[in-house]
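[1] Provided below for reference: sequence and predicted model.
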Amino acid sequence: MRLYVFRLALAQQQQQQLRCVCACVNNHRRPFMLLDYCCRCCGTTLIKRHGQLPFNSKLNDTWVVLQNLLMCMVCFYSLYYIVVSLCIGILKVEEVDSLLAPFDYTTQPSWHSPKYLVGVISTEVTYVLGGLIFAWIVEEWVWDYAITVTLLHIGLTVAVMADFPSTEHWWIALGSGLAMMIFGGQLLAYRLFRNNFVRPADLQNF
């Protein structure tokens with residue numbers, strides 16, 4: 001009798017895992033590993049699968065990645081400009097160009113400089129709040145999209161400022177903000193969507 005109950009519970013658990021995996025594959029709003037997609041485009045993979053994915057699946061994956069990435073970028077910069085505007089208003093700073101503020105790394109670091117405080121506070125607050133928003137958008141792989149958005153932000157900074165940022169304080173602020181985004185976003189995603197998480201071991205037979 002105990003053996004029967006154990007087998008029944010094990011079968012129910014396997015069915016629940018299978019429903020979660022199928023829902024994550026079929027639903028376009030589920031999280032998708034951006035790095036895994038890029039690796040598969042280059043002929044490698046982060047998740048071992050049996051057999052090749054069909055062409056329609058690759059197109060579908062591309063659309064999901066671009067959709068999630070676009071939403072993350074729009075939310076990131078929208079939040080950035082909102083926080084910058086609030087900091088300028090609260091600290092009453094007039095010499096800050098609000099349009100270039102997210103990309104400006106030339107300000108001399110000084111805690112007595114309101115302009116520097118605007119840059120640091122807006123960066124850190126944007127990354128903290130952005131991680132929470134990313135958790136709602138991609139649900140699971142917050143770290144993946146956080147790193148990608150940060151790399152794109154660095155590329156845009158180089159394009160806008162026409163120079164590669166070499167100031168140490170800018171990289172420290174960026175790195176600490178990224179760390180807080182990943183930690184806060186992943187923690188929130190785990191608390192809210194842990195029942196929907198799909199781990200690499202669950203996708204081995206796809």
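    Perfect, thanks for sending it.

[2] any weak-confidence spans in this protein?
    1-61, 195-206 (pLDDT under 70).

[3] SS state for Asp97?
    coil (DSSP: H, G, I helix; E, B strand; the rest coil).

[4] what are the phi and psi values for the closest residue in space to it that isn't next to it in sequence?
    Among residues not flanking Asp97 along the chain, Asp104 sits closest, at 7.2 Å (Cβ to Cβ, 6 or more residues apart in numbering). C-betas here are computed from N, CA, C, even on glycine. Backbone geometry at Asp104, expressed as degrees, to the nearest 10, gives phi -80, psi 120.

[5] and Asp104, how many neighbours?
    Residues within reach of Asp104, counting by other Cβ atoms under 10 Å, total 18.

[6] can you give me phi and psi for the nearest residue to Ser113 once chain neighbours are set aside?
    Nearest residue to Ser113, sequence neighbours excluded (Cβ to Cβ, 6+ apart): Thr107, at 7.0 Å. In terms of degrees, to the nearest 10, the main-chain angles of Thr107 are phi -70, psi 130.

[7] Next one: Thr107 relative to Leu117, how far apart?
    Note on Thr107: its distance to Leu117, by Cβ to Cβ, to the nearest Å, is 10 Å.

[8] returning to that earlier point: got the contact list for the residue nearest to Asp97?
    Shown in contact with Asp104 (Cβ atoms under 8 Å, 6 or more residues apart in numbering): Asp97, Gly119, Met161.

[9] repeat for Ile182
    Ile182 touches Gly131, Val142, Trp143, Ala146, Ile147, counting by Cβ under 8 Å, 6+ apart.

[10] Most neighbours among the contacts of Asp104, please name it.
    Gly119 (24 neighbours).

[11] Can you show me the helices along the chain?
    For the chain, the helices defined by DSSP state H occupy 2-26, 34-41, 55-91, 114-138, 142-161, 168-193.

[12] Single out the most deeply packed of the ones you listed.
    Comparing the helices of the chain by mean neighbour count (mean count of other Cβ atoms under 10 Å), helix 114-138 ranks first with a mean of 21.

[13] between that helix and helix 168-193, how many degrees?
    Here helix 114-138 runs at an angle of 30 degrees relative to helix 168-193 (axes from the mean of the first three to the mean of the last three Cα atoms, to 10 degrees).

[14] for helix 114-138, packing partners?
    Applying 3 or more Cβ pairs under 8 Å, 6 or more residues apart in numbering; DSSP states H and E, one finds that helix 114-138 contacts helix 55-91, helix 142-161, helix 168-193.

[15] Specify the angle between that helix and helix 55-91 in degrees.
    150 degrees.

[16] What is the nearest of the contacts of Asp104 to Trp111?
    Trp111 lies nearest to Gly119 out of the contacts of Asp104, by Cβ to Cβ, at 11.9 Å.
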